[in-house]
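Peer 1: Provide a 3D model corresponding to the input given below.
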Amino acid sequence: SSIQANYASPFSRRNLPPFSTPSFLTLCLPPLSFIQREDLREQVHQFRMADAEVFLGLDLSTQSVSSLAISSDGKVLHRETVNFDSELPAYGTTSGMTVKGDSVVTSPAGMWLEGLDLLFSRIDKDLLAKVRAISASAQQHGSVYWKRTGEESLRALDPSKSLKESILGALLFEDCPIWADSSTETQCAQLEQAMGGPQAVADATGSRAYARFTGNQIAKIAQQPGAKWEACARVALVSSFLSSLLLGSYAPIDFSDGSGMNLMDLRSKKWHPEACAATAPGLPEKLGPDPVAPSTVLGTVCKYWTGKYGVGAGCKVVCCSGDNPNSIVGIGLLPGEVCPPSPLPPPHPCVDSLLVRCVCLARREVLGGQTETDRDRDRDRDRD
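Peer 2: I've put the predicted structure just below:
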């Protein structure tokens, strides 16, 4: 019923709660040199002889998709990365993004799908057969829009085809708005006006209306002519999109990642009715059920992953979450401690009763007296 790993992090200096998702470990480890990779392959070869549990974490970031496998005693067994710009150049992205002008920034969904297949093709099948649970961290605030054929396409995922062949046609937009898009100032003003001002929005959802937050991106799409919004059956965050691909059916949004949408009531951790009504018609139905805990076991991997890559049929899928909340776990932040600013106050990914208080300013004074714009700072941080 629970796949929480009963081991302590070898990278932690404190007694932290048990891991709820293995994926955040990708945030804790330094890059590996070629020699280290060769040593790692030898460790994997030796590990095959042992009957031990393996946990696989994924990280679908802006610039790349990565994987990390660890054993139940914390040994690193595998690490791999697919860089979007250099390894999938046909999409023409810069740092995994497409900048279209007027503050519009997107990423190609096809690139994410192709990158995932390429990544899994590089993971040893003997190792994948031992994976007990899989989860992921994904770039926060980005959104994916499913057509009415979306869940049917997920359930029909065919190991003989690629993810891109099976899924791309079920998406309303091939280019997905991401965290770097700040083209929604009009929609932010509309949300604040509808809810009684910036403070009212902040009291309800944890932040005043923020141009990068998903709800305002949804509002912009819903206001576009051409009945696109009516054709949308489900809205996903990048993290829940990845959960859906692993599961082979629609997956819920978790409340840590969901806190960065201007749509969730931080107190109840449910969709906020007034915020949803002010954002788009019929939005609660398109968002799916109320957000769930990031530690939720959603089910087991679908036949696509077992048939194509040899993942064990009993491998559990743990709800994927956003990179910002997962990084809180990765650095071992405890109540009362301070970390560099992040643009949202998410519920803690492992401790349901905790919120993480964060601050983000459009312009700020940084150490050394330098001043950076919000956009440059965010991109530099994400690139690092």
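Peer 1: show me what contacts the residue positioned nearest the centre of the chain?
Peer 2: With distances taken as CA atoms, centre = their mean, A138 lies nearest the centre of the chain, 2.3 Å away. Neighbour list for A138: 59-61, 237-239, 241-242, 257, 320-323 [criterion: CB atoms under 8 Å, 6 or more residues apart in numbering]. Where you see a C-beta, it was placed from the backbone N, CA and C, and this is true even at glycine.
Peer 1: and it, what are its bridge partners?
Peer 2: Following DSSP bridges, A138 is listed with bridge partners L60, G322.
Peer 1: quick check, pLDDT for it.
Peer 2: Per-residue pLDDT puts A138 at 96.
Peer 1: how close does it get to A251?
Peer 2: According to CB to CB, to the nearest Å, A138 stands 12 Å off from A251.
Peer 1: got any residues that touch both of these two?
Peer 2: C320.
Peer 1: could I get the contacts of A138 as a markdown table with distance to R267 and neighbour count?
Peer 2: As requested, these are exported to a markdown table (distance: CB to CB, whole Å; neighbours: other CB atoms under 10 Å):
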| residue | distance to R267 | neighbour count |
| --- | --- | --- |
| D59 | 30 | 23 |
| L60 | 29 | 26 |
| S61 | 30 | 20 |
| L237 | 21 | 28 |
| V238 | 25 | 30 |
| S239 | 22 | 32 |
| F241 | 27 | 28 |
| L242 | 27 | 27 |
| D257 | 17 | 33 |
| C320 | 24 | 34 |
| S321 | 19 | 34 |
| G322 | 19 | 29 |
| D323 | 24 | 27 |
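Peer 1: looking at those residues, which is nearest Q217?
Peer 2: Q217 has its nearest neighbour among the contacts of A138 in L237, at 10.6 Å by CB to CB.
Peer 1: from T214, how far out is the closest one?
Peer 2: In terms of CB to CB, L237 sits 6 Å off from T214.
Peer 1: what is in contact with these two at once?
Peer 2: Counting by CB under 8 Å, 6+ apart, the contacts common to L237 and T214 are H141, G142, S143, M261.
Peer 1: returning to what we had before: how close does the residue nearest to the centre of the chain get to W146?
Peer 2: 16 Å.
Peer 1: end to end, how far does stretch 73-86 reach?
Peer 2: End-to-end distance for stretch 73-86, by CA to CA, to the nearest Å: 34 Å.
Peer 1: hmm, back to that, list only buried entries from the shared contacts of L237 and T214.
Peer 2: Neighbour counting with 16 or more other CB atoms under 10 Å marks H141, G142, S143, M261 as buried within those.
Peer 1: quick one: the helices in the stretch 201-350 of the chain, in order.
Peer 2: Counting by DSSP state H, counting those that start in this stretch, the stretch 201-350 of the chain has helices at residues 214-222, 238-247, 273-279, 283-287, 303-309, 323-330.
Peer 1: okay, helices next: where are they in the stretch 1-150 of the chain?
Peer 2: 34-47, 84-87, 109-121, 125-128, 150-155.
Peer 1: so what does the third one touch, helix or strand wise?
Peer 2: Taking 3 or more CB pairs under 8 Å, 6 or more residues apart in numbering; DSSP states H and E as the contact definition, the neighbouring helices and strands of helix 109-121 are strand 54-60, strand 64-71, strand 76-83, helix 84-87, helix 163-167, helix 238-247, helix 303-309.
Peer 1: average pLDDT across the following helix or strand past the fifth one?
Peer 2: Same thing as helix 163-167. Using DSSP states H and E, the next helix or strand after helix 163-167 towards the C-terminus is strand 175-177. When pLDDT is averaged over strand 175-177, the result is 97.
Peer 1: next one: stretch 192-207
Peer 2: 95.
Peer 1: how far away is the spatially closest residue to S243 that is not a sequence neighbour from D323?
Peer 2: Nearest residue to S243, sequence neighbours excluded (CB to CB, 6 or more residues apart in numbering): A251, at 3.5 Å. Remark: distance between A251 and D323 (CB to CB) = 17 Å.
Peer 1: also T93?
Peer 2: Distance from T93 to D323, counting by CB to CB: 18 Å.
Peer 1: give the burial count for the closest residue to L172 other than its chain neighbours, as a bare number.
Peer 2: Closest residue to L172 apart from its sequence neighbours, by CB to CB, 6+ apart: Y145 at 3.9 Å. Y145: 24 surrounding residues under other CB atoms under 10 Å.
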